[in-house]
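>>> pasting the sequence and the predicted coordinates here, then a few questions.
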Amino acid sequence: MVWAKNVDTGDYSWKPVTKTWVVDKKPIYRVSVKTKQDLIQTIDATSSHPFFVKDKGWVDTLDLIPGDNFENKEGNSFEVLSIEDLKKQQVAYNFTVADFHTYYVTKQNVLVHNCNVTKGGMLGANGTKTANTTLWKGKGKERIDVENPNPGQRPGQVHYQDNKNNKYLYEPKTNSFRDAPKSVNKMLNDKKFKGAIDKAMTKYLGE
């Protein structure tokens, strides 16, 4: 059991771990944060592991920037100071948490998301390699992109980008966009929009 948070409702609860797995060696990055007591703490993570950033939502390790703020289970903020490529690879371990799909890491209790997993493995592991392919375009900058640069080594993803350059990650298990407003998730009722999602999942991610 792990202590988890539903970021949509703000609810906390103990949730069971439903699956664990080991991934072959992956590049590791070190995230340095400053605590409330001005102490420096570090977190080692893979490039695609999502952290919950205040006022942004879920952000992958490589997309973090100095000045971002993590939150812990007490509601305190931890400022991101730097993201360092350790220039080494090591075996990565992860697990899936029931319902909320979140858990807290390190002594500072930083909120992170479990990785996308379907078909009993990593999302996109059986898919086609693509750095970035656009499958749908709406008005202005609106689009749906699929990314699967390293099948089996890094989870693939599908995301929707709106006209303000906000990106929302698609969650296959819930058929919804993570942390997106209701107006975005309602777009899944559109045949062409959902068709692009389905194409991304089947043709590019192999699901």
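Received it, and whenever you're ready, just let me know what you need. Everything quoted here is computed from the prediction, not taken from an experiment.

>>> for Gly195, pull up the helix or strand it's in.
helix 191-199 (DSSP states H and E).

>>> got a list of what the nearest residue to Ala180 once chain neighbours are set aside touches?
Distances taken as Cβ to Cβ, 6 or more residues apart in numbering put Tyr168 closest to Ala180, at 4.0 Å, once the chain neighbours are dropped. In short, each C-beta sits where N, CA and C put it, glycine included. For Tyr168, the contact set (Cβ atoms under 8 Å, 6 or more residues apart in numbering) comprises 159-162, 177-180, 184.

>>> and the helices in the protein, which stretches?
With DSSP state H as the criterion, the chain has helices at 182-186, 191-199.

>>> so which of those gets nearest Leu111?
Closest to Leu111 of these is helix 182-186 (Cβ to Cβ; 22.0 Å).

>>> tell me what that closest one is packed against?
When contacts are defined as 3 or more Cβ pairs under 8 Å, 6 or more residues apart in numbering; DSSP states H and E, helix 182-186 sits against strand 176-177.

>>> if you rank the contacts of Tyr168 by neighbours, which is first?
Among those, Tyr160 has the most neighbours (other Cβ atoms under 10 Å), with 24 neighbours.

>>> and that residue, how far is that from Ala200?
11 Å (Cβ to Cβ, to the nearest Å).

>>> who touches both of those two?
144, 170.

>>> the longest strand in this protein is where?
strand 77-97 (DSSP state E).

>>> partner strands of that strand, with direction?
Neighbouring strands of strand 77-97 in its sheet, by DSSP bridges, are strand 17-34 (antiparallel), strand 69-71 (antiparallel).

>>> may I have that strand as CSV, with CA atoms only?
In CSV, the C-alpha atoms belonging to strand 77-97 read as follows (Å, rounded to 0.1, in the frame of the first residue of the first chain):
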residue,chain,number,x,y,z
SER,A,77,6.5,23.6,-1.8
PHE,A,78,9.9,22.5,-3.0
GLU,A,79,11.6,24.7,-5.6
VAL,A,80,13.4,22.9,-8.5
LEU,A,81,17.0,24.2,-8.6
SER,A,82,18.5,22.1,-11.4
ILE,A,83,18.1,19.0,-13.6
GLU,A,84,21.4,17.2,-14.3
ASP,A,85,22.1,14.4,-16.8
LEU,A,86,24.2,11.9,-14.7
LYS,A,87,25.4,10.4,-18.0
LYS,A,88,24.9,6.9,-16.8
GLN,A,89,22.3,4.3,-17.3
GLN,A,90,20.8,1.9,-14.7
VAL,A,91,17.9,-0.5,-14.4
ALA,A,92,14.7,1.3,-13.6
TYR,A,93,12.0,0.1,-11.3
ASN,A,94,8.4,1.2,-11.2
PHE,A,95,4.9,0.1,-10.2
THR,A,96,1.2,0.9,-10.9
VAL,A,97,-1.0,2.3,-8.2
